[in-house]
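# What follows is a protein structure lacking sequence information:
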């Protein structure tokens, strides 16, 4: 079955180009020119990937992303932004986006990122071992996709959940940057070089929000490790 992709952008040239290119690659494509219409397309077609522009009329990309995640949908979201600003990237990631691409972009790079998002989505589907995994006071429930720390719910995006899952599977083991990038973003990821650092910072912020001690430690020159502070 052909994977479905919803493209939401108010630039007709971009939506037309993406529709032609993605259809040529074998995907079924639906387009929308504003956020409100985009939400209708998502609800109607239940796509495997959403390509979402930030600056749009009626509803902007931030609001669309927020509503999709509030509805409980875990569909991978690739956000398009005209600004190469760290604050914009962090905002999108914090709202639940899985990746971002700055305009103007190379079509080959966008197609590569779509392939990575589809592969990660496929790898996640039903392959989680058991129902729960824990380390110290952190408990991850795979059935509900909830994370509890110290009795309090930790709200995580899909990518943050996957990253924490990788650490929980490998407690006290130093994970290299390359290994994490391959496991979470795919071996052919060609995006921003600091995406891992951004996610580590977000994950630390959320898991330490209620006074929890730091569990994700930086090992200089080696990578990251899940262990309590010594």
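The structure has been received and is ready for your questions. Source: prediction; values computed, not measured.
# Mind jotting down where the helices sit in this structure?
12-24, 35-45, 61-70, 86-95, 107-124, 158-169, 177-185, 195-207 (DSSP state H).
# quick one, which of those helices is nearest to residue 54?
helix 61-70 (4.0 Å; Cβ to Cβ). For every residue, glycine as well, the C-beta is placed using N, CA and C.
# List of residues touching the closest one?
Residues outside helix 61-70 that contact it (Cβ atoms under 8 Å, 6 or more residues apart in numbering): 8, 35, 38-39, 42, 50, 52-55, 59, 75, 77, 79-81, 91-92, 95-97, 157.
# Over to stretch 134-146 now: how far is its first residue from its last?
12 Å (Cα to Cα, to the nearest Å).
# Give the rounded mean pLDDT of that stretch.
Per-region confidence: stretch 134-146 scores 83 on mean pLDDT.
# and if you look at stretch 167-174?
When pLDDT is averaged over stretch 167-174, the result is 89.
# buried ones in that stretch?
Burial within stretch 167-174, assessed by neighbour count using 16 or more other Cβ atoms under 10 Å, is assigned to 167-168, 170-171.
# distance between that stretch and the chain's centre?
Its chain's C-alpha centre and that of stretch 167-174 lie 21 Å apart, by Cα atoms, centre = their mean, to the nearest Å.
# Give me the contact list for that stretch.
Contacts of stretch 167-174 (Cβ under 8 Å, 6+ apart): 133-135, 138, 140, 175, 215-216, 219, 222-227.
# and if you look at stretch 107-119?
Under Cβ under 8 Å, 6+ apart, the answer for stretch 107-119 is 3, 5, 17-18, 21-22, 25, 27, 48-49, 51, 76, 78, 98-99, 101, 185-186, 188-191.
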